[in-house]
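Asker: My questions concern the predicted model and sequence given below.
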Amino acid sequence: MSGHALDDVKDKVAAFGMKLVDIIYNASVFTVIGYGAILLFLLVIGIAVGFNIVNVPEFHPR
């Protein structure tokens with residue numbers, strides 16, 4: 001391989017690596033947002049059960 005072809009391969013590998021890092025970063029950001037949304041959802045349900053807004057007999061026996 002000539003020096004020019006080797007540089008071309010290096011550039012392509014570097015571009016692939018940068019794209020892979022970007023994809024992994026975006027996936028981790030969306031994962032954090034998703035887990036945050038799930039925790040918020042569970043918090044709202046917990047508050048609703050705690051204040052007896054939603055009737056759950058296991059938590060509020062009569």
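Answerer: Yes, it's here.
Asker: Quick check: mean pLDDT of the helix or strand containing G17?
Answerer: Element membership for G17, per DSSP states H and E: helix 3-50. Taken as a whole, helix 3-50 has an average pLDDT of 94.
Asker: what distance separates it from the centre of its chain?
Answerer: Here helix 3-50 is found 6 Å from its chain centre; the criterion is C-alpha atoms, centre = their mean, to the nearest Å.
Asker: Just list the residues touching I24, thanks.
Answerer: Applying C-beta atoms under 8 Å, 6 or more residues apart in numbering to I24 gives no contacts. Backbone N, C-alpha and C define where each C-beta goes, glycine included.
Asker: Which neighbouring residues are in contact with V56, exactly?
Answerer: Contacts for V56 (C-beta under 8 Å, 6+ apart) come out as V49.
Asker: any idea how far it lies from I47?
Answerer: V56 sits 13 Å away from I47, going by C-beta to C-beta, to the nearest Å.
Asker: quick one: buried residues of stretch 39-48?
Answerer: Judged by neighbour count using 16 or more other C-beta atoms under 10 Å, stretch 39-48 contains no buried positions.
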